[in-house]
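Student: A structural model of the following input is requested.
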Amino acid sequence: MAAHDEQIPMEARAGAPLRGTAQVPGDKSISHRALILGALAVGETRISGLLEGQDVLDTAAAMRAFGAEVVRHGPGEWSVHGVGVGGFAEPEDVIDCGNSGTGVRLVMGAMATTPITATFTGDASLRARPMGRITDPLALFGARAVGREGGRLPMTLTGAADPVPVRYELPVPSAQVKSAVLLAGLNAPGETVVIEREATRDHTERMLAGFGAEISVEESSEGRVITLAGQPELRAQEIHVPRDPSSAAFPVCAALIVPGSDVLVPGISLNPTRAGLFETLCEMGADLTYENEREAGGEPVADLRARYSPAMKGVEVPPGRAPSMIDEYPILAVVAANAEGVTRMLGVGELRVKECDRIDAMAKGLRACGVAVEEGPDSMAVQGLGAGNVPGGATCETRLDHRIAMSFLVLGLAAQRPVAVDDAGPVATSFPVFEPLMKALGAAIMRKNR
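Tutor: As a prediction, the model looks like this:
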């Protein structure tokens, strides 16, 4: 796919079964963290399997701007010569994080306890997203942020000259906020403590331990208590990035709804804090099997096989599962449209402050394709029509959101009439090989003339 600022209308239609092996890119969450922690370590960190989507490339550029040496050696093969905890230099220019909420929030955390100043911006979608949920806890360390009304980018952050350790309870489940606080705590004296009532993706905790930080995780009556000892010397590592389960969701879900399909996705992360979608699909009756389960880079991985599943039923997805699949609700809504009965997704209010309001975007697009959807402030219910019964025939707005674009293209592969999207350009931020990968499996996806 092209860069995220190039408009690319696309269309998908029903065709042949999807068959073959889908080599999805490296995990985006782990790729961001590998670059940032590599920059905060001493020595050379080698990374293989790095996702080379625009979001991650923007984080790599940010680490260079803060003084780390970041080098690409070949496809997915990178090295980072770190500057050590507290060693970030003041950037000479504005840090442009493009479309990446994860990138900007983690980088802000990483610099918040170093006495330097940096200005952050991003594309139109990122500039519309709230940053107060990050800057409020960073202020407890002593950092100061000035941004646009509503705490939005562009924003200038000045790190704390004399940071203090923080004890912070997450007001909402958010791996981005948790990670920002932990990264800020690296350069604060004493112990920084983060408490989360519901477990969110734990890549930061796993990777901090791998780099040599003293970090512990305990379950208590308060929830999950994460304690980090400040001012460690992080040791450079070799990191093998597993394949991204959020990207794997698209070929997997396409295989479930396209007749005759059988698709294998090798080496995807099975981190339990990321597996909510696959758990939900199995409850719906999806034909999913795990093969060759193993461990890579401190993360559980397996090969996942997905086969056409025409008898799936709607389910109720509990709110407690949301943190483990927050990025997968758009594609789950597509599967739900092809199942029988209602699928209710509860506790998903976080979707309204992602790259766009994903509840509203999916509801409008699905309705345009003939699927009934009810939405609430933090819920969405899709009335499934059964296998092969989605009318389709609409052009759906993607709103600069990569997951909305890919979800509606997958919908078109099983609808009675083609489904188009107004702009698939943002797909490059997370899944730059989506188009050729899906076509290689047999998907009828094509670009439209503007």
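Student: rest of the way, CA atoms for contacts and neighbours
Tutor: OK.
Student: how many neighbours does Asp27 have?
Tutor: Neighbour count for Asp27, taken as other Cα atoms under 10 Å: 23.
Student: tell me the contacts of it?
Tutor: Each residue near Asp27 by Cα atoms under 8 Å, 6 or more residues apart in numbering is listed here: Leu50, Leu51, Val241, Pro242, Arg243, Asp244, Pro245, Ser246, Ser247, Ser269.
Student: try 6 Å
Tutor: Asp27 makes contact with Pro242, Arg243, Asp244, according to Cα atoms under 6 Å, 6 or more residues apart in numbering.
Student: So the last one sits against Gln23, correct?
Tutor: No - with contact defined as Cα atoms under 6 Å, Asp244 and Gln23 do not form a contacting pair (10.0 Å).
Student: So for the two, which sits in the more crowded spot?
Tutor: The neighbour comparison of Asp244 against Gln23 (other Cα under 10 Å) goes to Asp244, with 25 against 18.
Student: any idea how far the closest residue to the more buried one other than its chain neighbours lies from Val166?
Tutor: Of all residues not flanking Asp244 in the chain, Asp27 sits nearest, at 3.6 Å (Cα to Cα, 6 or more residues apart in numbering). Look at Asp27 and Val166: by Cα to Cα, to the nearest Å, they are 29 Å apart.
Student: same check, this time on Thr114
Tutor: Going from Thr114 to Val166 by Cα to Cα gives 15 Å.
Student: Check Val371 too.
Tutor: Distance from Val371 to Val166, by Cα to Cα: 47 Å.
Student: same thing with Ala209?
Tutor: Taken as Cα to Cα, the span from Ala209 to Val166 is 19 Å.
Student: So for those two, which residue has more residues nearby?
Tutor: Comparing Ala209 with Val166 by other Cα under 10 Å, the one with more neighbours is Val166, at 23 against 15.
Student: what about the closest residue to that one other than its chain neighbours, which SS state?
Tutor: Spatial nearest neighbour of Val166, chain neighbours left out: Thr192 (4.9 Å); criterion: Cα to Cα, 6+ apart. Under DSSP: H, G, I helix; E, B strand; the rest coil, the three-state class of Thr192 is strand.
Student: circling back: could you dump the contacts of Asp27 to CSV with pLDDT?
Tutor: Formatted as CSV, these follow (pLDDT from 0 to 100):
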residue, pLDDT
Pro242, 90
Arg243, 91
Asp244, 92
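Student: Just those: which are in strands?
Tutor: Among these, the subset assigned to strands under DSSP state E is empty.
Student: What's the separation between the residue nearest to Val353 when sequence neighbours are not counted and Asn389?
Tutor: By the measure of Cα to Cα, 6+ apart, the closest residue to Val353 outside its immediate chain neighbours is Arg129, 6.5 Å from it. Distance, Arg129 to Asn389, by Cα to Cα: 36 Å.
Student: These two: who's more crowded?
Tutor: Set side by side, Arg129 and Asn389 give different neighbour counts by other Cα under 10 Å, the larger being at Arg129 (19 against 16).
Student: just checking, that one is part of a strand?
Tutor: No - the assignment for Arg129, made by three-state DSSP, is coil rather than a strand.
Student: what about Arg105, how many neighbours?
Tutor: Using other Cα under 10 Å, Arg105 has 21 neighbouring residues.
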